[in-house]
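Chemist: please find the sequence and the predicted model below.
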Amino acid sequence: MKELYENGIKNYAFISPIIPNLIDVGELIKETKGFVNFYWFEFLNLRASGREFREWLRENYAESYEILTRKIKLEKYVKNVMEIIKNSKICVKGICAHYPKLFW
């Protein structure tokens, strides 16, 4: 991506899936913002992720699973990540949260 950017070719970063305690959105932005033209973000769609993945996540990352399955914790997490994105002063083309009832 850096080479593309340095040669005048526009590019973007698609950060997905965003999973609590596994994906550090702020760090990914920090590491890439010098050579990325714009960003897309997608939070994990737990329902669509499949039973095997949900079980794996629950067994291996219980805290992440709990955040994703508790509405108040999930809402707090998503708002926090959205604030990180906003404060990064980057060009964002889209954010998919899969949870519209939490905010609108």
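Modeler: Everything's here; your move.
Chemist: residue closest to the middle of the chain?
Modeler: residue 18 (3.2 Å; C-alpha atoms, centre = their mean).
Chemist: quick one: pLDDT of the closest residue to that one other than its chain neighbours?
Modeler: Using C-beta to C-beta, 6 or more residues apart in numbering and skipping residues adjacent in sequence, the residue nearest residue 18 is residue 43, 4.6 Å away. From N, CA and C alone the C-beta is placed, and that goes for glycine too. If you check residue 43, the pLDDT there is 97.
Chemist: the protein: helices as residue ranges?
Modeler: 2-6, 25-32, 51-60, 62-69, 71-87 (DSSP state H).
Chemist: any chance of the ones you listed in JSON lines, plus mean neighbour count?
Modeler: JSON lines is the format used below for the helices of the chain (neighbours: other C-beta atoms under 10 Å):
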{"stretch": "helix 2-6", "mean neighbour count": "11"}
{"stretch": "helix 25-32", "mean neighbour count": "15"}
{"stretch": "helix 51-60", "mean neighbour count": "12"}
{"stretch": "helix 62-69", "mean neighbour count": "16"}
{"stretch": "helix 71-87", "mean neighbour count": "15"}
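Chemist: quick one: closest of those to residue 94.
Modeler: Across the helices of the chain, residue 94 has its closest neighbour in helix 71-87 (11.0 Å, C-beta to C-beta).
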